[in-house]
Every structure is written in C-alpha cells, then in structure tokens.
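>>> no sequence on hand, only this structure:
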DNA sequence: CGAAAATTTGACATGACTCAACTGGAGTGG
DNA sequence: CCACTCCAGTTGAGTCATGTCAAATTTTCG
C-alpha cells in the first residue's frame, strides 16, 4: 500500500521488519481520509481501530456531565490517536476523536491487531515501546498539572509543541490546558506584555 | 525462586508460560526486601530495575523547585513501581520511590529486561498489556483532575482504592490528590458531616 | 509521660471561573 | 462595496475553590 510509507518509516525507527513482514502488515491495515469536522470515534461507541496520523490534525476530547468539553490530546502527523482503553478492552469509549482539518490516517482494525502482533513479535515490541512512551508523557502531564500554574503550562506547551498553537483555535488550547478561554486570553496578554 | 510465586500467578492471568520459560524468567529476576523509609529509587539516579511489589507499600513522588513534594502513585501488593521513563531510556529519573512500610519486591534488572522479553515473546505481550493498562489509568487520572473538584477526587479515591487510605498518612493522600493537607482536612470534615 | 509528628481550625489571600458585555474579523448576500 | 451576521477573542466585575500561614489540638511512639 502506497500510503503506508510514512508508517513504515516510523516503525523502522524502532524495529527492523523484513520485506515479508512489511507485506503482511500492509495487508492488515487500511488507509482512510477524513474531512474537517468528521468524527473518527464518538463517545459511547467501541473503538474499533487504532489510528496513525499521516497528515492533518485531530482532537480527542470528552464531554462531562455539565456539557463541558475537555480536550485530552491533539494528534498531528506521525502521532497516534484513539482511545486505547476502549480499543484494547473493546468497551464503549468515554472519548470523541474529531478531525480539525482534512486528515489522513492508517488504521489498525481490532480484529487483526492482536493476531498481527502475535504473528510479528517485532511489531509487538514496537507497540510496547510506543505505549511506554505514551505512558511516560501522560505521567509527565499529570505532574505538570499539579506543579505548574496555568501560565507556566501555557508557556511550556508552546515550547514543547511550537507548531500547534497556530493550527488550533484558542478556546481549544484553553480546554487542553484545563482552563477557560477567558483566562487563557488574560494569560496571553500578560505573556505578551512581559516579552516587550 | 520461592518468592516469585505471586508474580508468576499474576503473569498467568495474562499469558501462559511454559515451565521452561518460568525457569528462565526466574533466573533473571531478583527478590529484595526494603525497610520502611528506604529508597528504591532517588531523583537524579537512573532507574536500573522495574519492581513488582509482593507486600508492603511504596510511594513514588518528586520534589519540585519550591521543595514541594508531589506524590504520583502508591503501590501495594500486585502492583508495579518504578520510573518507567528513566528505566526504558536509562536517563536520570525525576522521581523517588520510597517504602512506607517494610516492602518485598521482585526486580527486573535493566540489563536483562530487553533480552528476556526478546527470548520470551509471551512476556513481551504481557508487558505490553500491563503498560496499556497503566497508560489508560494515567489518562483517566488526567481527566479526573480536570473535570472533578478536590472533594469529588477524594471520594472517588476511596471508592477505587478502599484499602489504601488507612495505610498512609493523610498529608500524603493530600499530595496524591494534588491539594494541601489543610484543605483535605476540611474536605474530610464536610464528607463526614454529610454522611451523618 | 513527654516530645515530635500529624491533623485541625480560622483568618485571610489569590488563582482561576462565571457571566455578561463588547470588539473585531470573516464570510455572505444584496 | 456596504450592511449584516456570526464566531472567536477580549475585558471587567464579582465569586468561589483552594492555598497560605500561624496557632491549637490530637495522635503516635519512644
């Protein structure tokens, strides 16, 4: 499959697959293109695929009992997106994944995922490492939320992901940072003043 | 190794090892007993082992620039403890792991970890699943911190881990919940009043 | 029993939220 | 090319959740 090239490159950074393994892998995954606004996953549905983003941008979020939207993560090229909890346990998801731009993805369907990893132990290894990374950065985020102020979190976000702020509306960034859009507006004003 | 029994039972819940694999596994891991107050890992050191807790209780925490202690997690029997980020990348850790009681653990040393998982693909699978779980619960914690009040988080903690509050001092629970000990004290008073 | 540690209490401070009004740009249609 | 609307972003006043500090009380444990 032509479109799988970036995924194969990405995998090669962690493990080395044989040509046969690559062919097998490619036979089990799907390419798909979503338009801006479309949902890859909706709260309450079971996540049937794990997605590798080729291009575009997605947000993963959930809506709480008060109707408030909370963004868990954004995903751009070479990142993953999906509710892993729903995917591995095949239980209804608490999250939505929605495309903020036209977005191309490679999808691993659940019904071949486990079998594929068993058939290709190197791929099992690959996913173990990917999930290790995800877990580590998730833990880091918990720490930051505890020990940093909203302003510090905002500044750090721009250091860590310098390219993302331009691509998303400000109210979504506020949601990701765990603050209101009004408060983010005030923070930005302060930061701008300090830099001048 | 006699003491590895609980670990083997735990592993069997996820994958089925052959007797030969169990022997190989046991030859690569170590039993160790720590006393109350001892450190399994200190901030700045590289984490050389991944620990499975047999008995006792540990806290994982870090000290921020203001000297404030933030507890990331507690671990009791049948849980894991270690800074996975430091362990897999072999970089200095941001965290401490300290024993709150006399604690027995099984340790996977780094220098045999990757080789062991390669030799026993089922073990690779096992760890992938364990880490998946850890990642999922880490994400859940992020969500809770965003969408719940301190009081709700406290109540939920006791629902999720009913046995832990009795084993740890209150100021540590406050640190885990991300609030001050004074505020937790006030919350507990309120909750007690409501239940009467 | 006495000292040290943990917890509670109260007064006050502050970071972040709510709500409502306002501004300013990006279509859209006439 | 203007008027209208719509949405994102801004501003300000008032409020609430939680933090700070210091003192009082209770618990733990040698």
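Good, I have the coordinates. All values derive from a computational prediction rather than experimental measurement. Residues are numbered from 1 along each chain as shown, chains lettered A, B, ... in the order given.

>>> quickly find the element holding residue A:158.
helix A:150-160 (DSSP states H and E).

>>> residue A:29 and residue A:108 touch, don't they?
Yes. Contact criterion CB atoms under 8 Å: residue A:29 and residue A:108 qualify, at 5.6 Å. C-betas here are computed from N, CA, C, even on glycine.

>>> okay, buried residues for the longest helix anywhere in chain A please.
Assignment by DSSP state H gives helix A:121-147 as the longest helix of chain A. By 16 or more other CB atoms under 10 Å in any protein chain shown, the buried positions in helix A:121-147 come out as A:121-136, A:138-139, A:141-143, A:145-147.

>>> and the direction of that helix versus that of helix B:121-147, what angle?
20 degrees (axes from the mean of the first three to the mean of the last three CA atoms, to 10 degrees).

>>> hmm, who's touching the helix holding residue A:158?
The contact list for helix A:150-160, computed with CB atoms under 8 Å, 6 or more residues apart in numbering or on different chains, reads A:144-145, A:148, A:164-165, A:173, A:176-179, A:183-184, A:187-188, A:190-191.

>>> selecting buried members of the residues you listed in ChimeraX, what would you type?
Buried residues within these, by 16+ other CB under 10 Å, are selected in ChimeraX with:
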select /A:145,173,176,177,178,179,184,187,188
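
>>> of all the contacts of helix A:150-160, which two lie farthest apart?
A:164 and A:190 (20.6 Å; CB to CB).

>>> what residues does chain A put near chain B?
Within reach of chain B by CB under 8 Å from any CB of the partner chain, chain A has these residues: A:62, A:64, A:68, A:70, A:72, A:84-85, A:88, A:94, A:117-118, A:121, A:124-125, A:127-129, A:131-132, A:134-136, A:138-143, A:145-147, A:178.

>>> what angle separates the longest helix of chain A from helix A:150-160?
Using the same axes, to 10 degrees, helix A:121-147 lies at 150 degrees relative to helix A:150-160.

>>> helix A:121-147 and DNA strand D in contact?
No. On the criterion CB under 7 Å from any atom of the strand, helix A:121-147 is out of touch with DNA strand D, staying 8.8 Å away.

>>> can that helix be said to contact DNA strand C?
No. Contact of helix A:121-147 with DNA strand C (CB under 7 Å from any atom of the strand) is absent, the minimum separation being 9.6 Å.

>>> buried sites along stretch A:2-19?
A:3, A:4, A:6, A:7, A:10, A:11, A:15, A:17.

>>> just the strands in chain A please.
Assigned by DSSP state E, chain A shows strands spanning A:30-34, A:39-41, A:49-55, A:57-63, A:69-76, A:80-81, A:96-99, A:103-109.

>>> on contacts alone, who are the packing partners of the first one?
Looking back up the chat, that one is strand A:30-34. strand A:103-109 (3 or more CB pairs under 8 Å, 6 or more residues apart in numbering or on different chains; DSSP states H and E).

>>> what's the average pLDDT for the strand it packs on?
What strand A:103-109 shows for mean pLDDT is 97.

>>> pull out the buried positions in that strand.
Quick answer for strand A:103-109 (16+ other CB under 10 Å): A:103, A:104, A:105, A:106, A:107, A:108.

>>> repeat that for stretch A:36-52.
Those would be A:40, A:41, A:43, A:47, A:48, A:49, A:50, A:51, A:52, for stretch A:36-52 by 16+ other CB under 10 Å.

>>> so what's residue A:8 up against?
Neighbours of residue A:8 in contact, by CB under 8 Å, 6+ apart: A:17, A:22, A:25.

>>> which non-adjacent residue is nearest the second one?
Distance criterion CB to CB, 6 or more residues apart in numbering or on different chains; nearest residue to residue A:22, sequence neighbours excluded, is residue A:8 at 6.1 Å.

>>> helices - which of the contacts of helix A:150-160 land there?
Per DSSP H, the subset of these in helices is A:144, A:145, A:173, A:176, A:177, A:183, A:184, A:187, A:188, A:190, A:191.

>>> check contacts around residue A:45.
So residue A:45 contacts A:92, A:93 (CB under 8 Å, 6+ apart).

>>> next one: it from chain B, what distance?
17 Å (CB to the nearest CB, to the nearest Å).

>>> pLDDT at that residue, what is it?
So residue A:45 comes in at 97 (pLDDT).

>>> what about it, distance to DNA strand D?
24 Å (CB to the nearest atom of the strand, to the nearest Å).

>>> ok, so of the ones in helices among the contacts of helix A:150-160, who is nearest residue A:112?
Taking CB to CB as the measure, residue A:112 sits nearest to residue A:176 out of the ones in helices among the contacts of helix A:150-160, at 32.1 Å.

>>> I figured that closest one hits residue A:75, correct?
No. Contact criterion CB under 8 Å: residue A:176 and residue A:75 do not qualify, at 11.9 Å.

>>> for residue A:29, give me its contacts.
Shown in contact with residue A:29 (CB under 8 Å, 6+ apart): A:1, A:4, A:7, A:106, A:107, A:108, A:109.

>>> for the fourth one, which non-adjacent residue is closest in space?
By that I understand residue A:106. Leaving out its chain neighbours, the residue that sits closest to residue A:106 by CB to CB, 6+ apart is residue A:52, at 4.4 Å.
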